[in-house]
Structures are given as structure tokens and as C-alpha cells.
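A.B. asks: Turn this into a model:
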Amino acid sequence: MRLSLNIPEQETRLPNAFTSKGLLSWLSTTDHKMLGILYLLSSLVFFFTGFTEAMLMRIQLMQPQNDVLSPEAYNQIFSMHGTTMIFLVLMPMVIGFITYALPLMIGANEMAFPRLNAFSFWMFLFGALLLHFSFLAGGAPNVGWFSYVPLSEGFYSSSPGINYWAMSILLMGIGSVGAALNIIVTTLTMRVKGMSFNKLPLFVWMSFVNAFLILGAFPVLNAGLVMVLIDRLLGAHFFTTYTGGSAIMYQHLFWTFGHPEVYILALPAFGIISEVIPVFSRKPIFGYSFVAASTVAIALLSFGVWAHHMFAVGLGNTFNAFFAAASMLIAVPTGVKIFNWSATIWGGSVRLKTAMLFALAFLIDFTVGGLSGVLFAVVPADLRLTDTYFVVAHIHYVFIGGAIHGAMAGVYYWFPKMTGRKLSEKIGKWHFWLFFIGFNCTFFVFHLLGLFGMPRRVFTYPDLPYLGGLNLFSTLSAVIFGGSFFVFVWNIIYSLRKGEKAGDNPWHAFTLEWLTTSPPQLKNFESVPMVRSARPVWDINHPEDPDWKRKEKKKNDVKK
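C.D. replies: Residues are numbered from 1 along each chain as shown. Okay, here's the model as predicted:
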């Protein structure tokens, strides 16, 4: 049965994100769909900035005792790469998907606070531009994406780039807090009739929980950044160790943000995977309640594990034992999700579209990143590996193997909804295989480099056995990995011009965004039917066998 919304003819001519004319309409918009696309496009642009910085680092490290970059230039590029990828690529990517999809998935026509939505985006963009202005204002930050004190203190570093770093992250943090408030209020107040929390799409569930993580984590970071700026510019002594301040306090503040940040970036990817896998397996998600509950467990536990980044600091055996146990415990709800996704695929009628391929790759690569993370919860192993390239391997398998894989699945899944056209599956397969092979060849060898003792955060290294060969292999593989994104961009350009028209629900998906036109009009919905299960579009298209009737029958059978 094909659903018809009976939208009046004049409504079909309302503007949408791909028919709006003129730059001013994009600069002044408060439409959640256009702002979501702006977030995603900004993320893509800054990805190529971060990738260029990464390739400069890989060229410097491709052989021992290389001198392509000076130590100072390498430190600036290293710092900008990490900051760019986490705050300018992954954060806007996460918020962009939520901003675009969440109102559509709950049957709303807009976010609760449209102007706050626009404010959040522009705070992000101005902060990102301010960070890169540091290149023209005396030098970029040169102390890593974490900007540890005392290295970032005025007594030790006069680089103005650190001031720009702190101010730009502060601006972006304010924007992120505004976006989180908007997500929470929208989810609480604008759901369509009948959509209780046990019927929310899992992407919405995880976005909702994620917003609380942002509210808990970013104010802590913002407070630390304000204290750094006051120390540097006004001569205070929060962190200056030579006048009685505490550099360790900065680490506590930073990692109280830093570990929840891992899940701030991962949870929306979990949500995307939780939508993609059931659709392309043609099955309901296995264990909906367990997936939702494990999300809450992850959020709560993520605030109790920050000091496993600080085992080498010397906090003492009691602290180390507590945070080691908590770090192992947080792997349990994540493992529950892996089991649920795998069980959903098992026995399903799997369609290996590009979105599904990225979802399957996510299961593989994120599991590798998760297992190496559990290894860091073992204090002796952490002490051996904490300052080696093993950590670099772990963080890339979590952020790229998790967040970026999930984002790619989301792009291929929602691109037809955003534009009205499908991305090319043929080009998409090339993109996927170049991405998957290039990524794993680039970063898996980092585990070996770490085990062989290569320290991280160094601009060069001695000519010891295996180090030169493995770094060369990684650099050449990075070319393949980066090339996959040029294929991806070509796929977007080609598909916008000549892609197959998608229709309203090309994947025969289950959630409410697939009820409206592709792309949606300025007003998302004229009317939305009452929701009676977590798969409302399935219920509408299969009135003879809707999910809610099946569940009621199952409850009655249990009572009997």
C-alpha cells in the first residue's frame, strides 16, 4: 500500500533546502533542514582541512629523521589537526544529523527554538573561523588538541594561538550547549500524538540522551577554558604550578569533558546504525528496550571514567582501581548494542546497499576500537602504552571507525530525503572499499608501532627496526583513504545533477521522516497519523499486520 499525504498542489511549491534561491536565504534561515545541511557541509569542508593537516604529518613521519616540517610547524599542525577533526568535523556532523532528522522523525515541523538553532550554528562557524585566524595572527596553537597546562600557560608559552584556541572552543561550546537545550525541549514537547518514549525512533532516543551528555560535559570544559584565559591574560593562578596552582586540576576538568565527548560523538552514530541495520535487514531492531536502556547506562557511566586517561599521573592505587573498574564496566552496555545489531542482521533479508556496507564496517572497526579501549582500562597495560602510537590507533578506530562510519551510513541513508535523489550505488561501492581498505591499512599499523615503542606527539623518530617501514606503509595507505573522500564528493556532485529520483520512501523504511516528500517542504507535515508503535510507517503501509496489533496479541497470549 502506498501512502498519499494529499498535500494541496500549492503546498508542493513551497521552498525547501534545494529550491531556496540566493545566499541570503541560507544566511538568514531558521529552518532546521537548511541548518542541518549547513552543519554537514561545514563538517565536510573542515574535514578536508583536517585531512590536509594529517597528510602533512604523515609526510613528515613517512621516514626516520625527516625534515619536511620543523618541530614548531609540526606541533602547530598536530594541534590543529586534532582540534579540527574533533570540534570542527565530528561535532558539527553529529549536531547536523540531529538538527535535520530529529523533528522529521518525531512528526514535528520545526525545532522548539528555531532562532536558538540558528544561533548555535553561527556560534560554531564563527568559533571555527576564529581558530583558523590564528594562523594569520602570530601562529596556531602548538600544544595538542587538549592544550595541557603548564605547556599552555603564559609563563611557558607566549603563542597567541593558545588564546585563539581557548576562545574558539569556548564559542563552539556555547553553541553546542544551546543546541543540546533545543534537542531536549523539542523531544519532550513536540512529539506527534501517541509517540511515547517507548515508541521513539532509536536515533531520537540516542540524540536525546546525547543532549544531556553535552549539557553535563561542555560547561566543565568551558569553565576550564575561561580559567586558562584568565591565567594567560589577567595573571591569575588557577593552573600555574610555580605559583601554587594545579596543572592536574586542568587534566581533571579537561577529561571530565573529554571522555563523555567520546560518547557525544559516538551515540548519534549508534542511533544511525540502529536505523540503517533494521531497514536493510528488513527486520525490527532486536531488543529495542535493551538498546535504549544501554544508551542511558553509557551516558551515566561516561561521567565516571575520566581518570583512566590519567593513570600515568600518579593518582594512587585506590583511584586507579576505581576508574579501571568503571572503564571496564562501560564496555558492557556498548557490547549489548553490538549484540543487538548483530542479532538484527542474523536471519534478516539483508540488502547490501552502500549505507548497509558502512553499517557493517562500523560493527567491525568500532569493535576493534572498543577492545583496545578495554585494554587501556588495565592499569599496567595503560602505563606501558599510554604515550605510544597504540593510543593514536585506538582514538582513530573509535572516532573514524565509529563516528565517521556511522555518518557515512547516515549520508547514504538520508541523502534521498534531503535532496530527492539517491547517491550512486556504483560510485558508493568504490567509495566504501577505498575508505574501508585505506582506513584499516593506515591506522591498524599504529597498534604495531605502539607495541614497538614509538611515542606519540613526536615530529620525528630514530631509524629503529620496523618503524620506518610501517610509517611509510601508513602514509601510502592514507593517500588511498583520503582519495575515498574525493570519490564521495564526486558522488554527491554527480548524484545532485543526474542521480536517480528517490521518491518519498526509497528504502521502504519505518520512521516518520519517510512520510513526507523528498526533499521535505518548508512545512514538514500537513498532518501526521497517530503513532502506535516504533515503526509507524510500517503500520500505515501494512494495515493488515501492524506492529502494534502483533504486540497486543503477544501480550494477550502471555496473559493467557
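A.B. asks: what number of residues lie near Val398?
C.D. replies: Using other Cβ atoms under 10 Å, the number of residues around Val398 comes to 21. To be clear about C-beta, it is placed using only N, CA and C from the backbone, and glycine gets the same treatment.
A.B. asks: list the contacts for the one residue sitting closest to the centre of the chain?
C.D. replies: The centre of the chain sits closest to Leu265, judged by Cα atoms, centre = their mean, with a distance of 3.5 Å. Shown in contact with Leu265 (Cβ atoms under 8 Å, 6 or more residues apart in numbering): 86, 90-91, 94, 399, 402-403.
A.B. asks: Out of those residues, name the ones that lie in helices.
C.D. replies: In helices, judged by DSSP state H, the following of the contacts of Leu265 are found: 91, 94.
A.B. asks: Now pLDDT, distance to Phe218 and neighbour count too, for the contacts of Leu265, in TSV please.
C.D. replies: Converted to TSV, the contacts of Leu265 look like this (pLDDT from 0 to 100; distance: Cβ to Cβ, whole Å; neighbours: other Cβ atoms under 10 Å):
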residue	pLDDT	distance to Phe218	neighbour count
Ile86	96	13	21
Leu90	97	14	27
Met91	97	10	26
Val94	96	13	28
Phe399	95	18	21
Gly402	93	20	27
Ala403	95	17	28
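A.B. asks: of the contacts of Leu265, closest to Lys417?
C.D. replies: Checking the contacts of Leu265 against Lys417 with Cβ to Cβ, the nearest one is Val94 at 18.0 Å.
A.B. asks: The closest one - nearest residue in space that isn't next to it in sequence?
C.D. replies: In this structure, Val94 finds its nearest non-sequential neighbour in Pro268, 4.7 Å apart by Cβ to Cβ, 6 or more residues apart in numbering.
A.B. asks: Surely the one you found forms part of a strand?
C.D. replies: No - according to DSSP: H, G, I helix; E, B strand; the rest coil, Pro268 belongs to no strand; its state is helix.
A.B. asks: What count of nearby residues applies to it?
C.D. replies: Neighbourhood size, Pro268 [other Cβ under 10 Å]: 28.
A.B. asks: any idea which helix or strand carries Val226?
C.D. replies: Per DSSP states H and E: Val226 is located in helix 202-234.
A.B. asks: picking that back up, what about the residue nearest to the centre of the chain, distance to Ile298?
C.D. replies: Note on Leu265: its distance to Ile298, by Cβ to Cβ, to the nearest Å, is 12 Å.
A.B. asks: ok, now Ala108?
C.D. replies: Separation of Ala108 from Ile298 (Cβ to Cβ): 26 Å.
A.B. asks: same thing with Ala112?
C.D. replies: For Ala112, the distance to Ile298 (Cβ to Cβ) stands at 25 Å.
A.B. asks: And the two? Which one has more around it.
C.D. replies: Between Ala112 and Ile298, counting by other Cβ under 10 Å, Ile298 is the more crowded of the two (26 against 18).
A.B. asks: The more buried one is in what secondary structure piece?
C.D. replies: Ile298 belongs to helix 288-302, assigned by DSSP H and E.
A.B. asks: what's the angle between the helix or strand following that helix and helix 288-302?
C.D. replies: Going down the chain from helix 288-302, the next helix or strand is helix 317-329, by DSSP H and E. If you take axes from the mean of the first three to the mean of the last three Cα atoms, to 10 degrees, helix 317-329 sits at 160 degrees to helix 288-302.
A.B. asks: what about helix 317-329, distance to the chain center?
C.D. replies: Its chain's C-alpha centre and that of helix 317-329 lie 26 Å apart, by Cα atoms, centre = their mean, to the nearest Å.
A.B. asks: Tell me how far the residue lying closest to Met91 once chain neighbours are set aside lies from Leu116.
C.D. replies: Nearest residue to Met91, sequence neighbours excluded (Cβ to Cβ, 6+ apart): Ser176, at 6.5 Å. From Ser176 over to Leu116 the distance is 12 Å, taken as Cβ to Cβ.
A.B. asks: Neighbour count: those two, which is higher?
C.D. replies: More crowded of Ser176 and Leu116, by other Cβ under 10 Å: Ser176, with 28 against 17.
A.B. asks: Just to be sure, that one is in a helix?
C.D. replies: Yes - the assignment for Ser176 by three-state DSSP puts it in a helix.
A.B. asks: So it sits against Val94, correct?
C.D. replies: No - when contacts are counted by Cβ atoms under 8 Å, Ser176 is not listed as touching Val94 (9.4 Å).
A.B. asks: before we move on, the earlier item: just the buried positions in the helix holding Val226, please.
C.D. replies: Neighbour-count burial for helix 202-234 flags 202-214, 216-218, 220-225, 227-229, 231-232 (criterion: 16 or more other Cβ atoms under 10 Å).
A.B. asks: which regions of the stretch 101-250 of the chain sit below the pLDDT cut-off?
C.D. replies: Low-confidence segments of the stretch 101-250 of the chain, defined by pLDDT under 70: 155.
A.B. asks: residue ranges for the helices of it, please.
C.D. replies: For the stretch 101-250 of the chain, the helices defined by DSSP state H, counting those that start in this stretch occupy 114-133, 161-189, 202-234, 247-281.
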